[in-house]
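Student: Quick one, what's the 3D model for this:
(4 chains)
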Protein chains: 2
Amino acid sequence: MPGMAVRTHQSQRRRQVLTRERIVETAVELLDASGKDALTVRALTGRLATGSGAIYWHIGNMDELLEAAADAVVATALARPAEVAPQDEIRAVALGLFDAVAEHPWLAAQLAAQLIRNPWGPVTLRIFESVGRPVSALGVPRDDWFTTTSTLVHYVLGATAQTSQRADGFEVDRAEFLATASRAWRDLDPDDYPFMRAIADQMREHDDREQFLTGVNLVLTGIAALHIKGD
Amino acid sequence: MPGMAVRTHQSQRRRQVLTRERIVETAVELLDASGKDALTVRALTGRLATGSGAIYWHIGNMDELLEAAADAVVATALARPAEVAPQDEIRAVALGLFDAVAEHPWLAAQLAAQLIRNPWGPVTLRIFESVGRPVSALGVPRDDWFTTTSTLVHYVLGATAQTSQRADGFEVDRAEFLATASRAWRDLDPDDYPFMRAIADQMREHDDREQFLTGVNLVLTGIAALHIKGD
DNA sequence: CCATGATTGGAGCGATGCTCCATAAACCAA
DNA sequence: TTGGTTTATGGAGCATCGCTCCAATCATGG
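Tutor: Model (predicted):
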């Protein structure tokens, strides 16, 4: 692994043809272009004109690379927003993640995977911090910061997951997709699925992004009702 | 695939040694015992004393098997609860999922994967129905059923994901794990992570299940405040 | 009783992640 | 400069995986 011995200078060494950064960068390109299955060691060696050994000298294993790729994209998406009211900042952070997942369809699965495998890894930390900061500025008592932020983050992650794949189609496809699903719900067994049949119409006409924001607002309302006095 | 031609009788045929059900059952056993990586075609052929061809005659591909396994487990977990007040039923459904994920650590990743790949697949449908039914009994106007239920479901799925892996250790390990994480948060850069440092203590002492329920209640409060009149 | 179709078991293909090693390139001390 | 040490590279090869394909088996009905 690099940087193990004395960092003599930080000399560039043969102009450092292969860096961890360059690998992560290329990984994101591959993921964006063709999804998770396209990110293989062999695809990387092809694009970078190198061998698998060189890659593994920089990156440990595939999971680590995926984690780094996700971290890079999330870091960009959560770049410090402008100074606004706490509620608006929370919405901005949430939408930042929502849009990042829309631009990088592979990100949803990766976020979920990391949340599960390593619940307090760097990516989760970043998201928590970005959501928690405005939460603490919201007037919520200190003792409720953790609980409140957790709820918000969990909602955001769950919601981005379900709506992550609307990216690879156009509006037309989406309308068609919704119509098909809505129709399928109508044909469900009335005894087993009365509720789904009842909301088939609402579902057909809903907008994912709008629905996402509605959810954020709903949680924010709950926070205000429970934890903010005099509101 | 089976059942393609005339279902002569539903004769048992050599007592139908290999069925889709038996395969799914065995898959769940393997998953429970040793996690997702342990579910391989070869492991299945070993346990079932058959060949891969026989398995693929019943089951299409690996993803379909995982989906079936998840569906089976979720169906059990969401078995119709007793008739109670809507709010309690919602909590019961949520905890049912929470506990199912605790018992079957692989389920969290699988739920996330299916939510992403096929947002309205059978498993999601089942969860939506189970949550939506009490929501509609809550007094929420019909037009808000979809939105409200979505928010609840998304929170539940996000939360179960993060807390899914507390199963494979004992209480001691967990305390140690939390202490380690809490300590790590203290050492974070105060400029980059002021919030995480501030909540390090709360995090060390929190209980996952309790925190999960707190989140559900927070969302329920939001729903009541926004959509239930005279409350 | 045999012909047809339903079901099985396993060999084998293509692809993957990763290890291992023979080199090459940069560095350091003399 | 020179020789040795560390850093970094490229690729061959191994174990394993999902899945396909096919010859063999079993059950049933004409």
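Student: do the lowest-mean-pLDDT helix or strand in chain A and chain B meet at all?
Tutor: Lowest by mean pLDDT, DSSP states H and E among the helices and strands of chain A is helix A:171-186, with a mean of 88. Yes. For helix A:171-186, a contact with chain B is found by Cβ under 8 Å from any Cβ of the partner chain, at A:181, A:184. All C-beta spots, glycine's among them, are computed from the backbone N, C-alpha and C.
Student: same question, stretch A:196-209
Tutor: Yes. Residues of stretch A:196-209 contacting chain B under Cβ under 8 Å from any Cβ: A:196, A:198-199, A:202-203, A:206.
Student: before we move on, the earlier item: CA-only coordinates of the next helix or strand after the least confident helix or strand of chain A in CSV, if you can.
Tutor: Downstream of helix A:171-186, the first helix or strand assigned by DSSP states H and E is helix A:194-198. Output of helix A:194-198 as CSV, limited to C-alpha atoms (Å, rounded to 0.1, in the frame of the first residue of the first chain):
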residue,chain,number,x,y,z
PRO,A,194,-57.7,-3.3,-0.4
PHE,A,195,-55.4,-0.4,0.4
MET,A,196,-53.2,-0.6,-2.6
ARG,A,197,-56.4,-0.7,-4.8
ALA,A,198,-57.6,2.4,-3.1
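Student: Check the offset of the least confident helix or strand of chain A from the chain's centre.
Tutor: How far helix A:171-186 lies from its chain's middle: 25 Å, per Cα atoms, centre = their mean, to the nearest Å.
Student: again with stretch A:99-109
Tutor: Its chain's average C-alpha position is 6 Å from that of stretch A:99-109, according to Cα atoms, centre = their mean.
Student: go on, stretch A:90-105?
Tutor: Mean C-alpha position of stretch A:90-105 versus that of the full chain (Cα atoms, centre = their mean) differs by 7 Å.
Student: Need the mean per-residue confidence for it.
Tutor: Confidence over stretch A:90-105 (mean pLDDT, whole number) is 97.
Student: got the contact list for that stretch?
Tutor: The contact list for stretch A:90-105, computed with Cβ atoms under 8 Å, 6 or more residues apart in numbering or on different chains, reads A:28, A:31-32, A:35, A:73-74, A:76-78, A:81, A:84, A:107-108, A:111, A:127, A:130-131, A:134-135, A:138, A:152, A:156, A:159-160, A:163-168, A:209, A:212-213, A:216-217, A:220.
Student: what domains does the record give for chain A?
Tutor: Per the record, chain A has its domains at A:16-60, A:83-227, by automatic domain parsing.
Student: Tabulate those in TSV, adding columns for mean neighbour count and distance to B:A224.
Tutor: As requested, the domains of chain A are arranged in TSV below (neighbours: other Cβ atoms under 10 Å in any protein chain shown; distance: least, Cβ to Cβ, whole Å):
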stretch	mean neighbour count	distance to B:A224
domain A:16-60	15	40
domain A:83-227	19	8
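Student: would you turn those into CSV with distance to DNA strand C?
Tutor: Supplementary listing: the domains of chain A in CSV, determined by distance: least, Cβ to the nearest atom of the strand, whole Å:
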stretch, distance to DNA strand C
domain A:16-60, 3
domain A:83-227, 13
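Student: could I get the ones you listed as TSV with distance to B:R91?
Tutor: Supplementary listing: the domains of chain A in TSV, determined by distance: least, Cβ to Cβ, whole Å:
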stretch	distance to B:R91
domain A:16-60	35
domain A:83-227	14
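Student: So for B:Y56, which of those domains sits nearest?
Tutor: For the domains of chain A, distance to B:Y56 was read as Cβ to Cβ. The smallest value, 20.0 Å, belongs to domain A:16-60.
Student: Any part of that closest one near DNA strand D?
Tutor: Yes. Legend: contact between domain A:16-60 and DNA strand D by Cβ under 7 Å from any atom of the strand is shown at A:16-18, A:45, A:48-54, A:56-58.
Student: Farthest pair within the residues you listed?
Tutor: Farthest pair in the residues of domain A:16-60 next to DNA strand D (Cβ to Cβ) is A:Q16 and A:S52. Separation: 18.9 Å.
Student: Quick one, grab the pLDDT at A:R14.
Tutor: Note for A:R14: predicted pLDDT of 50.
Student: Could you tell me the average pLDDT over the helix ranked longest in chain A, please?
Tutor: The helix spanning the most residues in chain A, taking DSSP state H as the definition, is helix A:208-227. Across helix A:208-227, pLDDT averages out at 97.
Student: same question, stretch A:146-166
Tutor: For stretch A:146-166, mean pLDDT rounds to 94.
Student: What of stretch A:189-201?
Tutor: This predicted structure assigns stretch A:189-201 an average pLDDT of 95.
Student: chain center to it, what's the gap?
Tutor: Averaged C-alpha coordinates place stretch A:189-201 at 31 Å from its chain's average position (Cα atoms, centre = their mean).
Student: can you check stretch A:80-99 too?
Tutor: Counting by Cα atoms, centre = their mean, stretch A:80-99 is centred 14 Å from the centre of its parent chain.
Student: ditto for stretch A:223-231
Tutor: Its chain's average C-alpha position is 28 Å from that of stretch A:223-231, according to Cα atoms, centre = their mean.
Student: what does it contact?
Tutor: Taking Cβ under 8 Å, 6+ apart as the criterion, the residues outside stretch A:223-231 that touch it are A:135, A:138-141, A:144, A:148, A:151-152, B:218, B:221-222, B:224-225.
Student: so who does A:D191 touch?
Tutor: Residues touching A:D191, when contacts are defined by Cβ under 8 Å, 6+ apart, are absent altogether.
Student: what's it sitting at in phi/psi?
Tutor: Dihedral angles of A:D191 (phi, psi; degrees, to the nearest 10) stand at phi -80, psi -40.
Student: Need the phi and psi values for A:L18.
Tutor: phi -120, psi 120.
Student: do the same with A:W120
Tutor: A:W120 has phi and psi values of phi -120, psi 40 when expressed as degrees, to the nearest 10.
Student: Roughly how far does the nearest residue to it once chain neighbours are set aside sit from A:T148?
Tutor: Setting aside the residues directly before and after it, A:W120 is nearest to B:A181 in space (Cβ to Cβ, 6 or more residues apart in numbering or on different chains), at 5.0 Å. Here the criterion is Cβ to Cβ, to the nearest Å. By it, B:A181 lies 19 Å from A:T148.
Student: Ok, A:Q114 next?
Tutor: Shown here: A:Q114 relative to A:T148, a distance of 22 Å by Cβ to Cβ.
Student: same thing with A:A33?
Tutor: From A:A33 across to A:T148, the span is 38 Å (Cβ to Cβ).
Student: Same question for A:F128.
Tutor: Per Cβ to Cβ, A:F128 is found 11 Å from A:T148.
Student: same deal with A:A112?
Tutor: Between A:A112 and A:T148 the distance, using Cβ to Cβ, works out to 22 Å.
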